[in-house]
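In: Any chance you could fold what I've pasted below:
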Amino acid sequence: MAGNDAEFIAVVNDTDPKNGGKSYALKITGNNHAQMLGKRIGDVVDGLFVGEGDKTLSGYKLEITGGSDKTGTPMRRDLEGGNRQSILVTQSTGYKGQVIVHKKKGGAEKRFRYKPDGLRKRRNFRGNTITQDTRQINLRVVESGKKSLDTILAAEAEEASE
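Out: As a prediction, this is how the structure comes out:
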């Protein structure tokens, strides 16, 4: 693959309560992109592979918690492989289990949401393995490095604003 296709967007969630649970978006390209292929949801990866240049998260350990593909289809932990699958699901990851009903009352249309018991729908999901089709990877900080995420990524935010 060439150009922009060979990159992931890593959304890193800082689990430290002092930082208020902020999330940061970083790019994974080049050799680091190849290191992430084949990893599964639940695997712990080194922060060295996340970010570009001096903005890598060296010293951090990150757990893969999910992601989505180029069409926005979410990944599920319980589906093996990296291909798209259509499964019958109840309210869970990737499906809220709501029905929207439109009713006309006095000329105005009202929308109601309700969750009927036992409602199941067939939805498309991506398996739990990271492939070339994956575009976003969600990561959670398991082990922090010497510097906080704020200080590592603050310079990037200042550069973008100039």
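In: Output the below-cut-off pLDDT ranges for this structure.
Out: Low-confidence regions of the chain, defined here as pLDDT under 70, cover residues 1-5, 155-162.
In: just the strands in the protein please.
Out: Assigned by DSSP state E, the strands in the chain fall at 7-13, 23-29, 44-46, 61-69, 84-89, 99-105, 108-114, 121-126, 134-143.
In: between those strands, which gets nearest to residue 53?
Out: strand 23-29 (10.3 Å; C-beta to C-beta). Where C-beta positions appear, they are placed from N, C-alpha and C, glycine not excepted.
In: next one: that closest one to chain centre, how far?
Out: Centroid separation for strand 23-29 versus its chain: 10 Å, with C-alpha atoms, centre = their mean, to the nearest Å.
In: So what are the sheet partners of it and their directions?
Out: As defined by DSSP bridges, the strand partners of strand 23-29 come to strand 7-13 (antiparallel).
In: any idea how far residue 84 is from residue 10?
Out: When distance is defined by C-beta to C-beta, to the nearest Å, residue 84 is 21 Å away from residue 10.
In: So residue 50 sits against residue 139, correct?
Out: Yes: between residue 50 and residue 139 there is a contact under C-beta atoms under 8 Å: 6.9 Å.
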